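Engineer: below are the sequence and a predicted model for it; my questions follow.
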Amino acid sequence: MRGYVEAILGASDRVDDVFQTVAERFLINPPDANNPRGLVVSALRNAAIDERRAAQRRDQRESDYAVAHSHGESVEERVQLEQVVEVISQALEELPLLTQALFYAHYVSGCSQRDLSREYGLHLSTVEKRLRKARAHCRRRLEQAL
(Lines give C-alpha, C1' and ligand atoms only; values in the text may rest on other atoms or scores of the structure.)
Protein backbone atom coordinates (compact mmCIF):
# COMPACT_ATOMS: atom_id res chain seq x y z
CA MET A 1 0.00 0.00 0.00
CA ARG A 2 2.95 2.30 0.55
CA GLY A 3 3.72 2.23 -3.18
CA TYR A 4 0.06 3.00 -3.96
CA VAL A 5 0.08 6.09 -1.75
CA GLU A 6 3.49 7.14 -3.08
CA ALA A 7 2.18 6.90 -6.65
CA ILE A 8 -0.72 9.22 -5.80
CA LEU A 9 1.52 11.72 -4.03
CA GLY A 10 4.29 11.57 -6.59
CA ALA A 11 6.85 11.67 -3.78
CA SER A 12 7.82 9.46 -0.88
CA ASP A 13 8.54 12.12 1.72
CA ARG A 14 4.87 12.56 2.72
CA VAL A 15 3.75 8.91 2.66
CA ASP A 16 4.28 8.38 6.39
CA ASP A 17 2.24 11.51 7.14
CA VAL A 18 -0.68 10.14 5.12
CA PHE A 19 -0.55 6.80 6.96
CA GLN A 20 -0.42 8.62 10.29
CA THR A 21 -3.39 10.82 9.35
CA VAL A 22 -5.49 7.79 8.45
CA ALA A 23 -4.44 5.95 11.62
CA GLU A 24 -5.40 8.95 13.75
CA ARG A 25 -8.80 9.15 12.06
CA PHE A 26 -9.43 5.48 12.71
CA LEU A 27 -8.33 5.76 16.35
CA ILE A 28 -10.61 8.73 16.95
CA ASN A 29 -13.56 7.25 15.10
CA PRO A 30 -13.15 3.47 14.62
CA PRO A 31 -14.73 2.30 11.37
CA ASP A 32 -17.63 -0.10 11.25
CA ALA A 33 -17.09 -1.97 8.01
CA ASN A 34 -17.58 -5.37 6.45
CA ASN A 35 -14.54 -4.82 4.23
CA PRO A 36 -11.87 -3.17 6.41
CA ARG A 37 -9.16 -3.54 3.75
CA GLY A 38 -11.28 -1.68 1.19
CA LEU A 39 -12.04 0.99 3.76
CA VAL A 40 -8.35 1.44 4.57
CA VAL A 41 -7.44 1.65 0.88
CA SER A 42 -10.18 4.24 0.27
CA ALA A 43 -9.13 6.25 3.30
CA LEU A 44 -5.47 6.17 2.21
CA ARG A 45 -6.38 7.19 -1.33
CA ASN A 46 -8.52 10.10 -0.13
CA ALA A 47 -5.90 11.25 2.39
CA ALA A 48 -3.16 11.05 -0.26
CA ILE A 49 -5.23 13.07 -2.72
CA ASP A 50 -5.93 15.65 0.00
CA GLU A 51 -2.23 15.84 0.82
CA ARG A 52 -1.26 16.20 -2.84
CA ARG A 53 -3.77 19.04 -3.34
CA ALA A 54 -2.60 20.77 -0.17
CA ALA A 55 1.01 20.51 -1.34
CA GLN A 56 0.08 21.94 -4.74
CA ARG A 57 -1.76 24.87 -3.12
CA ARG A 58 1.16 25.45 -0.75
CA ASP A 59 3.66 25.39 -3.62
CA GLN A 60 1.51 27.81 -5.63
CA ARG A 61 1.22 30.23 -2.71
CA GLU A 62 4.97 30.11 -2.12
CA SER A 63 5.65 30.64 -5.82
CA ASP A 64 3.23 33.57 -5.99
CA TYR A 65 4.81 35.11 -2.92
CA ALA A 66 8.31 34.68 -4.32
CA VAL A 67 7.34 36.26 -7.63
CA ALA A 68 5.58 39.14 -5.90
CA HIS A 69 8.57 39.86 -3.69
CA SER A 70 11.43 39.06 -6.04
CA HIS A 71 11.18 42.21 -8.10
CA GLY A 72 12.55 44.41 -5.36
CA GLU A 73 9.82 46.97 -5.94
CA SER A 74 10.05 50.19 -4.03
CA VAL A 75 7.11 51.57 -2.10
CA GLU A 76 6.54 54.13 -4.85
CA GLU A 77 6.47 51.44 -7.54
CA ARG A 78 4.02 49.36 -5.53
CA VAL A 79 1.74 52.37 -4.97
CA GLN A 80 1.85 53.22 -8.68
CA LEU A 81 1.02 49.61 -9.58
CA GLU A 82 -1.95 49.67 -7.20
CA GLN A 83 -3.13 52.90 -8.83
CA VAL A 84 -2.88 51.34 -12.28
CA VAL A 85 -4.90 48.33 -11.14
CA GLU A 86 -7.55 50.64 -9.65
CA VAL A 87 -7.82 52.73 -12.83
CA ILE A 88 -8.13 49.61 -15.00
CA SER A 89 -10.75 48.13 -12.65
CA GLN A 90 -12.81 51.32 -12.84
CA ALA A 91 -12.41 51.47 -16.61
CA LEU A 92 -13.63 47.90 -16.96
CA GLU A 93 -16.70 48.67 -14.86
CA GLU A 94 -17.64 51.31 -17.45
CA LEU A 95 -17.82 48.68 -20.20
CA PRO A 96 -20.83 46.50 -21.06
CA LEU A 97 -21.14 43.36 -18.95
CA LEU A 98 -20.45 41.05 -21.89
CA THR A 99 -17.25 42.93 -22.71
CA GLN A 100 -16.20 42.76 -19.05
CA ALA A 101 -16.82 39.02 -18.99
CA LEU A 102 -14.83 38.51 -22.18
CA PHE A 103 -11.96 40.67 -20.88
CA TYR A 104 -11.70 38.82 -17.57
CA ALA A 105 -12.06 35.40 -19.17
CA HIS A 106 -9.38 36.12 -21.76
CA TYR A 107 -6.83 38.20 -19.85
CA VAL A 108 -7.30 36.92 -16.31
CA SER A 109 -8.44 33.32 -16.77
CA GLY A 110 -6.49 32.72 -19.95
CA CYS A 111 -9.34 31.50 -22.16
CA SER A 112 -8.61 31.70 -25.86
CA GLN A 113 -10.64 34.01 -28.05
CA ARG A 114 -11.85 31.03 -30.07
CA ASP A 115 -13.12 29.30 -26.91
CA LEU A 116 -14.87 32.50 -25.84
CA SER A 117 -16.58 32.84 -29.21
CA ARG A 118 -17.92 29.29 -28.88
CA GLU A 119 -18.91 29.71 -25.23
CA TYR A 120 -20.78 32.97 -25.77
CA GLY A 121 -22.12 32.12 -29.23
CA LEU A 122 -20.33 35.06 -30.87
CA HIS A 123 -18.30 35.31 -34.04
CA LEU A 124 -14.57 35.29 -33.41
CA SER A 125 -14.30 38.75 -34.98
CA THR A 126 -16.86 40.07 -32.46
CA VAL A 127 -14.82 38.75 -29.55
CA GLU A 128 -11.64 40.25 -31.03
CA LYS A 129 -13.36 43.61 -31.59
CA ARG A 130 -14.75 43.78 -28.05
CA LEU A 131 -11.37 42.91 -26.53
CA ARG A 132 -9.63 45.48 -28.72
CA LYS A 133 -12.13 48.18 -27.68
CA ALA A 134 -11.76 47.19 -24.01
CA ARG A 135 -7.97 47.52 -24.23
CA ALA A 136 -8.28 50.90 -25.94
CA HIS A 137 -10.73 52.11 -23.29
CA CYS A 138 -8.42 51.00 -20.47
CA ARG A 139 -5.46 52.63 -22.20
CA ARG A 140 -7.34 55.96 -22.51
CA ARG A 141 -8.33 55.87 -18.85
CA LEU A 142 -4.73 55.16 -17.84
CA GLU A 143 -3.47 58.06 -19.95
CA GLN A 144 -6.02 60.38 -18.34
CA ALA A 145 -5.20 59.23 -14.81
CA LEU A 146 -1.42 59.08 -15.00
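Structural biologist: Okay, I see it.

Engineer: what count of nearby residues applies to the closest residue to residue 94 other than its chain neighbours?
Structural biologist: Nearest non-adjacent residue to residue 94, counting by CB to CB, 6 or more residues apart in numbering: residue 137, 7.0 Å away. C-beta: built from backbone N, CA, C; applies to glycine. For residue 137, the neighbour count with other CB atoms under 10 Å is 17.

Engineer: who touches whichever strand or helix holds residue 137?
Structural biologist: Using DSSP states H and E, residue 137 sits in helix 124-145. Residues from elsewhere that reach helix 124-145, judged by CB atoms under 8 Å, 6 or more residues apart in numbering: 83-84, 87-88, 90-92, 94-95, 98-100, 102-103, 106, 113-114, 116-117, 120.

Engineer: and for stretch 26-40?
Structural biologist: Defining contact as CB under 8 Å, 6+ apart, one finds that stretch 26-40 is touched by 1, 22, 43.

Engineer: let's go with 6 Å and repeat that
Structural biologist: Stretch 26-40 has contacts (CB atoms under 6 Å, 6 or more residues apart in numbering) with no other residue.

Engineer: which ones are touching residue 121?
Structural biologist: With contact taken as CB under 6 Å, 6+ apart, residue 121 is in contact with no other residue.
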